[in-house]
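Chemist: Just a sequence and a predicted model for now, questions to come.
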Amino acid sequence: MRYWAYFSAKLIVAGGVLYGLLLLLSGLLPEETRLNEYDAFRNGPLRLVNNLAFMGWFLLCAGVLYLIIRDQRYRCRVCLRRLRMPIETGSWGQMLQLGRPRIEYICPYGHGTLKAEELQISGLANPEWTPHSDDMWDELYAASKEPGDQP
C-alpha cells in the first residue's frame, strides 16, 4: 500500500509543479489578437513561439512521467528504498540450460528480489517481484545444514 501511495504522491507533486509551470508559461506569452483574416499571416512568428513553448512543456511532462515510472519500478515494495546490486543471470549462448538472460535486483534490507528481463523482444514483460521472509538468514542456515542435523 505504501508503494502505491508513494507513487501517487510523486505524480501529484509533479502534476502540481508542471501545472504551475504551465500557468507561468501562459502568462508570459502574449495573447493572440486578430483584427481581420489577414492578421494570421502577420502573427505567424508569434504563433510559432507559442506552439513551440507549449510543445516543449508537453515534452517535459512526458519526460517527467517516464522518469517517475522508471524510478518507481526499481524501488522495494516494502521499504521504498532503491533496489541495489544488479546480478546478471542466464545466457543467450546457453539459453536452454540457464534460461533467458535476466537482471536481478535485491533490496539492501532483504525484503525481496526483482527479476527483470535483460532484453524484451516480445512486448513488455513485467518484472517479477519475489518477497523474502522476515528472517533473511533462514536460507543461509538451511544451505549449511547437513540432512541429518537437528536444530
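Modeler: Good, I have the coordinates.
Chemist: for the nearest residue to Leu98 once chain neighbours are set aside, what are its contacts?
Modeler: Counting by C-beta to C-beta, 6 or more residues apart in numbering, the nearest residue to Leu98 once its immediate chain neighbours are dropped is Gly90, at 4.8 Å. The C-beta positions use only the backbone N, C-alpha and C, and glycine is treated the same way. Applying C-beta atoms under 8 Å, 6 or more residues apart in numbering, we find Gly90 in contact with 98-102, 118.
Chemist: what's next to stretch 66-73, contact-wise?
Modeler: Taking C-beta under 8 Å, 6+ apart as the rule, stretch 66-73 contacts 3, 6-7, 10-11, 14, 127.
Chemist: One more pass at 10 Å, please.
Modeler: 3-4, 6-7, 10-11, 13-14, 80, 82-83, 105, 114, 116, 126-127 (C-beta atoms under 10 Å, 6 or more residues apart in numbering).
Chemist: Restricted to helices, list these.
Modeler: 3-4, 6-7, 10-11, 13-14 (DSSP state H).
Chemist: Domain ranges for the protein, per the record?
Modeler: Following automatic domain parsing, one gets these domains for the chain: 2-73, 84-144.
Chemist: need those domains in TSV with mean pLDDT, can you?
Modeler: TSV is the format used below for the domains of the chain (pLDDT from 0 to 100):
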stretch	mean pLDDT
domain 2-73	87
domain 84-144	79
